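**Student:** What follows is a predicted structure for the sequence shown.
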Amino acid sequence: MWIERVSLENVLAFTELSVDLGPGLNVVLSPNEGGKSSLFRGIVSGLFVNASSQKGDVLALARWGSGCSFEISLDLRLGTEAYRLVRDFGGREQILYRGGESVPFAKGKRVDEFLAEHLPIADQDLFMRVCGVRHEELARIGEADGAIGERIEEILGGGGEDVTPAKVQLIVEDKRKELLRGRNRPVNEPNRGAVRRFKDDVELLEREAAKASSIAAAREGLLTAISLIDSRVSLVDAELEILKAKREKAISYGELDRNERSSHERADRLRQRLKRIEELRTMKDTLAAEGARFAGALASRTAASLDEVREKLAREALLETGGAGAVPGTRAAAAVWRPVLASILILAGAAGALFWRLGMLVLVIAGLALVVWHIAGRGRGRGVARAPEAADELERLKGERAAWAGSRSLDESRALLAEYASWLECARDVGVRLEEAAGSARSDTGALIEALDAEYGDAAVEARALSESRAALEPFRLDGDGFLRLDRDFGERLEERERLTGERSKRARELAALERVDASEIAERLALAREGLGRAERKVLVLDAILSALEEARREMSGFLAERLPPLAGAYLSRITGARYGTLYIDPLTLKIEVAPAAGDAAGAPERVAPGALSQGTRDQIHLAVRLALIELMSGGESQPLFLDDPFVHFDPARRERALDLVREFAKKHQVVMFTCDPRYREAGDRLVELPERA
């Protein structure tokens with residue numbers, strides 16, 4: 001491959017630049033900061049950078065003030081075919097044309113895929129390390145006492161100034177040792193490696209986790225026991241409530257039963273009282289009807305005034321028999337006391353007949369006997385002459401008697417008076433009993449009966465309601481034995497609850513005595529420690545794999561270089577130094593480079609010389625010879641561009657001329673682009689490209 005034309009638009013130092021390059025040695029002449037580095041970066045970016053990339057280092061290719069609108073075009077020769085590559089970073093588009101065709105040969109990702117298949121070195125970093133010999137690289141070789149072997153390893157293996165494969169291997173080995181420090185032997189805690197530290201942490205946390213698990217199991221068991229006790233306590237409390245409610249309802253049943261009986265008794269008493277009052281009222285009405293047959297003058301008399309009437313009747317009877325007008329003596333006195341005593345006996349017998357019938361009947365018979373005796377005495381006394389005063393009195397008494405007895409005889413009047421007295425006594429007795437039954441001196445018996453009837457109805461309704469309430473509580477009726485059993489069950493439940501409460505308190509104390517351990521925190525720390533241990537062990541495995549790969553790669557690379565590089569590099573070095581150094585050695589293990597002086601040198605010269613013992617110019621010459629040989633080996637027989645940045649700064653004139661001749665000869669096979677600010681090289685190449693002093 002070789003580059004025919006480079007076109008840059010708004011790239012780094014250039015607003016617009018177009019450079020034609022030939023297949024041989026191309027000398028790009030430009031003063032300092034004239035754009036040589038910009039041209040080199042533009043070529044590399046055109047070959048390898050995707051136009052749609054938005055990476056910072058890609059966007060940094062844009063010329064200041066141009067934004068992201070920049071473009072790179074390359075005309076390439078790949079084998080026998082010519083291609084034109086256009087990367088428009090502003091439009092994020094890339095196109096590959098073949099030959100002079102106007103139709104794209106490839107676009108987008110297909111461009112990168114095609115170049116990866118056809119470029120001799122398809123990796124950008126490797127291309128820059130192998131094909132770019134820059135001035136700062138030579139300066140670094142000079143300052144490093146000729147560590148050319150490390151630089152070759154860096155070129156082939158990647159890395160930078162401080163990250164060569166050899167240094168990487170040392171870093172990896174140190175890191176591996178650091179990770180494994182103290183793994184299989186006692187070591188102070190501060191000196192433990194990550195593997196030993198995480199392993200110790202895992203063992204410690206596993207013990208703590210086992211302890212936490214045991215505590216958690218004990219805690220769980222105690223919590224379960226407490227929960228079961230609480231459940232049983234809840235059941236016992238429910239049973240106590242049931243027993244308490246049952247007892248209360250049984251008591252309520254007893255109270256309702258007593259109240260019902262009391263209500264029934266009250267209703268019965270009210271009913272009996274009502275019945276008695278109604279009977280007495282009927283008796284009163286009957287007596288009132290019977291009292292209508294008595295004359296009005298007699299009916300208006302009270303019990304106290306009847307005695308006066310009786311006396312007058314007795315006086316009339318005495319006068320009628322002439323006792324009052326006869327010769328005073330025993331007969332007259334007898335005529336007076338016999339009717340009086342008979343009346344008293346008859347009235348007493350009639351009044352007492354309601355209470356003691358037999359005894360009173362005797363009194364009545366005795367009274368009648370006296371009346372008969374008195375009448376008989378009157379008969380014997382008839383014809384006795386009456387005094388005139390007695391006759392007047394008799395007439396007056398008869399007139400008074402006629403006022404209430406009418407035409408009745410004296411005996412009939414006496415009988416009527418006795419009947420009235422008996423009726424009056426019965427009426428008074430019924431009235432007294434009616435007042436006693438009424439409970440007060442009420443005169444409105446009908447209102448009383450209505451009130452009692454209403455009260456009786458209320459009492460009956462109350463009794464019926466109590467009966468219904470009691471019937472609803474019938475299942476809770478208990479006798480004395482039932483109450484005893486209920487109290488016994490209640491006491492047993494209370495004892496069980498007290499026992500359960502004590503058991504729960506004991507379990508709660510045991511729970512409180514357990515050590516407070518955050519099992520989740522320990523588990524989390526253990527998981528982190530195991531993760532850290534696994535990560536550290538994986539790092540060791542990765543480092544082992546890296547070391548193995550590095551050693552294998554270095555063996556392969558060092559074997560390849562030790563076998564094929566020394567002959568080519570030695571021949572190139574011999575031409576540059578004028579055969580002063582013609583043999584080059586590479587250590588297969590360390591890639592350390594040494595050179596052998598020519599056989600005709602002064603006596604006592606060493607057989608091999610390390611580059612560090614030589615001048616900087618000679619070290620640069622060794623490095624150039626090695627790089628040319630390296631490109632030759634890696635090109636695989638194809639043309640491969642080589643970019644040189646003032647490689648002859650430390651060369652003496654003779655060696656510079658020989659080195660320049662070598663480069664011209666090398667450029668016959670590989671395109672060479674040499675960047676320089678020295679006008680001496682104006683005629684050195686096959687083509688001269690002069691960059692303007694100001695881009």
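**Tutor:** That came in fine, so what should we check first?
**Student:** top helix in the protein by residue count?
**Tutor:** Longest helix in the chain by number of residues (criterion: DSSP state H): helix 194-291.
**Student:** How confident is the prediction for the residue nearest the centre of the chain, by pLDDT?
**Tutor:** Note on the chain: the residue nearest the mean C-alpha position is Ser520, at 18.2 Å, using Cα atoms, centre = their mean. For Ser520, the model assigns a pLDDT of 88.
**Student:** next one: the one 5 residues further on
**Tutor:** For Arg525, the model assigns a pLDDT of 90.
**Student:** Then the one 3 residues further on?
**Tutor:** According to the per-residue confidence, Leu528 scores 92 in pLDDT.
**Student:** And for Gly367?
**Tutor:** On the pLDDT scale, Gly367 gets 65.
**Student:** do the same with the one 4 residues further on
**Tutor:** At Val371 the predicted local confidence, pLDDT, stands at 61.
**Student:** rewinding a little: which element is the residue nearest to the centre of the chain on?
**Tutor:** helix 519-576 (DSSP states H and E).
**Student:** Report the contact partners of the residue nearest to Lys539 when sequence neighbours are not counted.
**Tutor:** Setting aside the residues directly before and after it, Lys539 is nearest to Leu179 in space (Cβ to Cβ, 6 or more residues apart in numbering), at 6.0 Å. The way it works is simple: take the backbone N, C-alpha and C, and place the C-beta from them, glycine included. Leu179 is in contact with 193-195, 536, 539-540, 543, counting by Cβ atoms under 8 Å, 6 or more residues apart in numbering.
**Student:** tell me which strands and helices the helix holding Ser520 is in contact with?
**Tutor:** Using 3 or more Cβ pairs under 8 Å, 6 or more residues apart in numbering; DSSP states H and E as the contact test, the elements touching helix 519-576 are helix 148-157, helix 165-180, helix 194-291, strand 581-586, helix 616-634, helix 653-667.
**Student:** could these go into CSV alongside distance to Phe490 and mean pLDDT?
**Tutor:** Formatted as CSV, the helices and strands packed on helix 519-576 follow (distance: least, Cβ to Cβ, whole Å; pLDDT from 0 to 100):
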stretch, distance to Phe490, mean pLDDT
helix 148-157, 94, 61
helix 165-180, 75, 80
helix 194-291, 5, 89
strand 581-586, 106, 86
helix 616-634, 104, 88
helix 653-667, 117, 94
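**Student:** CSV for these, including distance to Cys677?
**Tutor:** Converted to CSV, the helices and strands packed on helix 519-576 look like this (distance: least, Cβ to Cβ, whole Å):
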stretch, distance to Cys677
helix 148-157, 24
helix 165-180, 33
helix 194-291, 52
strand 581-586, 29
helix 616-634, 17
helix 653-667, 15
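**Student:** Go through these and name the closest to Glu450.
**Tutor:** helix 194-291 (10.1 Å; Cβ to Cβ).
**Student:** Counting by contacts, list what the closest one packs against.
**Tutor:** helix 165-180, helix 410-438, helix 445-472, helix 480-513, helix 519-576.
**Student:** Send me the shortest one as CSV with only the CA atoms.
**Tutor:** Okay, so that is helix 165-180. Extracted in CSV, the C-alpha atoms of helix 165-180 (Å, rounded to 0.1, in the frame of the first residue of the first chain):
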residue,chain,number,x,y,z
PRO,A,165,5.3,-5.7,28.1
ALA,A,166,8.3,-6.2,30.4
LYS,A,167,7.1,-3.6,32.8
VAL,A,168,3.6,-4.9,32.6
GLN,A,169,4.9,-8.3,33.5
LEU,A,170,6.7,-6.9,36.5
ILE,A,171,3.6,-4.9,37.5
VAL,A,172,1.4,-8.0,37.2
GLU,A,173,3.9,-10.1,39.2
ASP,A,174,4.0,-7.5,41.9
LYS,A,175,0.3,-7.2,42.0
ARG,A,176,-0.1,-11.0,42.2
LYS,A,177,2.4,-11.1,45.1
GLU,A,178,0.5,-8.3,46.8
LEU,A,179,-2.8,-10.1,46.5
LEU,A,180,-1.3,-13.4,47.8
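**Student:** Please work out the angle formed by the directions of that helix and helix 194-291.
**Tutor:** 50 degrees (axes from the mean of the first three to the mean of the last three Cα atoms, to 10 degrees).
**Student:** Kindly report the same for the third one.
**Tutor:** What separates the directions of helix 445-472 and helix 194-291 is an angle of 150 degrees, with the same axes, to 10 degrees.
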